[in-house]
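*Asks:* For reference, the sequence and a predicted model appear below.
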Amino acid sequence: MTNKKEIIASIIIIGNEVLSGRTKDLNTSTLSVWLNSIGISVREVRVIPDVEKIIVDTVNELRNKFDYVFTTGGIGPTHDDITAQSISKVFNLEYGFHKQAFSILEKYYEPGEFNEGRQKMAKMPTTAKLILNPSSGAPGFYIENVFCLPGVPSILKAMLGGLNNVLVGGDPILSKTINLRTYESEIAESLTNVQNNNKDVEIGSYPFFRQGKLGVSIVLRSVDQSKIDNCNSQILEFIKKKNIEVVEID
């Protein structure tokens, strides 16, 4: 089977509250895991403030470098939610009430509750395609290869399923983790040799501290399970020779 072309993406986390540390960024992990599962590799993540020029410049730069760009944050009802307005400027499109988004939100709220603040969530590039929101009504949107999602992690997660038929991925990226009771310095040379012999497998090593003891997680990633298995065998071989304890394999 021939592998499909590698599809690559970037993520832009937008929000002063993330930069200040008041809000933890959980969206990078959620998006990256999901994108990997549909064969899209995340190659770059940026965290930027709620500043129009920075949003416009960053999106313009990344949409030309990557197959897909995902933004999170800044599409809510408050004054500092300026992502939708900024994306309109990126594509030189009219910013205003999106008819379909307005209709969805109008139906979502009880009569009299669809106030001016909530109406703002229906404002976006007027020709954008919507990303439906099964969790809280307010849709995200996308134009060309730029996808704009909310910053609230639970809502973002609920919306990803709606993109399954929109995104074109490559082969799903598979992974295997080997946890060892050792130090990186003890396995560095052997691991380098294995990597040199297995160019189609991405090998990462990550120290961990568990139950008062140090260890190293070796993570193998590839679109081909047989190549991961082959690489895994070579690693287990040198581990056995060095008499290193395997904590677990998953």
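*Replies:* The structure has been received and is ready for your questions.
*Asks:* Averaged over its residues, which helix or strand of this structure has the lowest pLDDT?
*Replies:* strand 245-249 (a mean of 87; mean pLDDT, DSSP states H and E).
*Asks:* tell me what it is packed against?
*Replies:* With contacts defined as 3 or more CB pairs under 8 Å, 6 or more residues apart in numbering; DSSP states H and E, the secondary structure elements packing on strand 245-249 are strand 174-181, helix 225-242. Yep, even glycine has a C-beta here, placed from its N, CA and C like the rest.
*Asks:* and these, which is most packed in?
*Replies:* strand 174-181 (a mean of 17; mean count of other CB atoms under 10 Å).
*Asks:* tilt between that one and strand 245-249?
*Replies:* What separates the directions of strand 174-181 and strand 245-249 is an angle of 150 degrees, with axes from the mean of the first three to the mean of the last three CA atoms, to 10 degrees.
*Asks:* Run the chain-centre distance for whatever helix or strand Ala188 lives in.
*Replies:* Ala188 is located in helix 184-197, with elements delineated by DSSP states H and E. In terms of CA atoms, centre = their mean, to the nearest Å, the centre of helix 184-197 is found 29 Å from the chain centre.
*Asks:* Would you indicate which residues of that helix are buried?
*Replies:* Using 16 or more other CB atoms under 10 Å as the burial criterion, the residues of helix 184-197 that qualify are 187, 190-191, 194-195.
*Asks:* Kindly report the same for stretch 77-92.
*Replies:* 81-91.
*Asks:* for the residues you listed, which one is nearest Leu105?
*Replies:* The closest of those to Leu105 turns out to be Ala84 (CB to CB; 13.4 Å).
*Asks:* how about the strands of this protein, start to end?
*Replies:* Listed in chain order, the strands found in the chain under DSSP state E are 7-14, 40-48, 68-72, 95-97, 123-125, 129-131, 140-143, 146-149, 174-181, 202-210, 213-222, 245-249.
*Asks:* Tell me which of the ones you listed is the most buried.
*Replies:* A comparison of the strands of the chain by mean neighbour count, using mean count of other CB under 10 Å, puts strand 68-72 on top with a mean of 27.
*Asks:* what sits up against stretch 30-38?
*Replies:* Here stretch 30-38 makes contact (CB atoms under 8 Å, 6 or more residues apart in numbering) with 9, 11, 41-42, 70, 72, 153, 156-157, 160, 164, 167, 169, 172-173, 175.
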